[in-house]
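Visitor: coords please:
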Amino acid sequence: MRTNVSNNIYNLIKKDILEGELNFGDKIVEIDYSNKLNISRTPLREAIKQLEIEGIIERLPNGRLRVMNIDEKKIQEIFEIRIVLENLLFKSIIDNNYDIGILSENLAMTKYHLDFENWEAARKLFFQFNEELYRISNLEFTIKILKHYDFIISKLKRGALKNTDRVLKAFEEHYELYLSLKEKNLEKVEEINRKHLENAKYTIITFLKKEN
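Guide: Below you'll find the model as predicted:
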């Protein structure tokens, strides 16, 4: 039972970070969170410990806790990691001839919402595109690592994708990626994805600088 409570708290804290209740660098005071959630501090500490292991929460030399800091150097490194690991996904999909039909469905729905300027619905479908791409690859450990780093970037990506020009460009990049996967052209897929992630990185760093 306590494990379930700890998992729920873990997910709630991550949700607070994603949705802006907590921002990068914000302090976390255990007693405040305990009172807010009306829970004992033991499962809260277990959840915080897991987030510390993942690097999402940092413990300062004085023992205080804070959400990790993010800067341009860390963003650069995360995107380099993504480029390398996502290449493994593409290779797995092509080598094993996995069905990518779900990506076509995602793109069709995204196009529909973009045509009617339903920006929020389109943004949600962008996140789902990545989730489906990861799932199709069937690479368990690679996906776990990617999802960890993707969580960190997702918080910034939500703000960066408010730029409608970037939304339209990202759709074009996803579509080109899908077509190259369909053609089973691994070299072209890797090239398109690198450009896509470089563009995403630039947009996120620009957004971060404006926020700061």
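
Visitor: Domain ranges for the chain, per the record?
Guide: Annotated domains of the chain cover 2-67, 72-211 [automatic domain parsing].

Visitor: Now render the ones you listed as CSV, adding mean neighbour count and mean pLDDT.
Guide: Using the backbone N, CA and C atoms, a C-beta is placed for each residue, glycine as well. CSV is the format used below for those (neighbours: other Cβ atoms under 10 Å; pLDDT from 0 to 100):
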stretch, mean neighbour count, mean pLDDT
domain 2-67, 15, 89
domain 72-211, 16, 93
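
Visitor: Helices along the chain, start to end?
Guide: Remark: helices assigned in the chain by DSSP state H are 2-19, 30-37, 41-53, 72-95, 101-115, 119-137, 140-160, 164-182, 186-211.

Visitor: could you check the angle helix 41-53 makes with the first one?
Guide: What it means is helix 2-19. 50 degrees (axes from the mean of the first three to the mean of the last three Cα atoms, to 10 degrees).

Visitor: which outside residues touch helix 2-19?
Guide: Identification of contacts with helix 2-19 by Cβ atoms under 8 Å, 6 or more residues apart in numbering yields 21-23, 28, 33, 37, 39, 42-44, 46-48, 50-51, 56-57, 67, 151, 154-155, 158.

Visitor: give me that answer again for 10 Å
Guide: 21-24, 26, 28, 33-34, 36-37, 39-40, 42-51, 54, 56-57, 67-68, 151-152, 154-155, 158 (Cβ atoms under 10 Å, 6 or more residues apart in numbering).

Visitor: repeat for stretch 84-94
Guide: 98-100, 103, 130, 133-139, 141-143, 145-146, 149, 177, 180-190, 192-194, 196-197.

Visitor: at 7 Å what do you get?
Guide: 100, 133-134, 136-139, 142, 145-146, 181, 184, 186, 189-190, 193 (Cβ atoms under 7 Å, 6 or more residues apart in numbering).

Visitor: Could you find which two of these are furthest from each other?
Guide: 145 and 184 (24.8 Å; Cβ to Cβ).

Visitor: if I pick residue 63, what's in contact with it?
Guide: Not one residue lies near residue 63 by Cβ under 7 Å, 6+ apart.

Visitor: any idea how far it lies from residue 29?
Guide: Between residue 63 and residue 29 the distance, using Cβ to Cβ, to the nearest Å, works out to 12 Å.

Visitor: So which residue is smack in the middle of the chain?
Guide: Centroid-nearest residue in the chain, with Cα atoms, centre = their mean: residue 150, separated by 2.7 Å.

Visitor: And stretch 108-118, how far out from the chain middle?
Guide: Stretch 108-118 has its C-alpha centroid displaced from the chain centroid by 22 Å (Cα atoms, centre = their mean, to the nearest Å).
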